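In: sequence-free structure coming up:
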């Protein structure tokens, strides 16, 4: 008897939703750090994870802007900032 295994592609969000980090954040979202302001700015910034466009919208996930109406230069600038944030 032989068995066959097929790899079913999974989206970024599907992979994240199956992760331990996702379940921790869903269970303990209320224990995450509260929004804080940068010194002298007066603007509160929330704790977020930088996700890709395929991720579901959550209070703790920041997604990039839709890029369909941006010029090449604007896309490059956004990609540069997102790349730095991922480091």
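Out: Here it is on my side, so go on. Quick caveat, the model's predicted, so the values are computed rather than measured.

In: Residue 53 against residue 61, yeah?
Out: No: here residue 53 lies out of contact with residue 61, judged by Cβ atoms under 8 Å, at a distance of 11.1 Å. C-betas here are computed from N, CA, C, even on glycine.

In: Centre-most residue in the protein?
Out: residue 51 (1.7 Å; Cα atoms, centre = their mean).

In: Could you pull up phi and psi at that residue?
Out: phi -110, psi 170 (degrees, to the nearest 10).

In: Name the nearest residue to it, ignoring sequence neighbours.
Out: Nearest residue to residue 51 in three dimensions, chain neighbours excluded: residue 61, at 4.4 Å (Cβ to Cβ, 6 or more residues apart in numbering).

In: quick one, what contacts the one you found?
Out: 48, 49, 50, 51, 55 (Cβ atoms under 8 Å, 6 or more residues apart in numbering).
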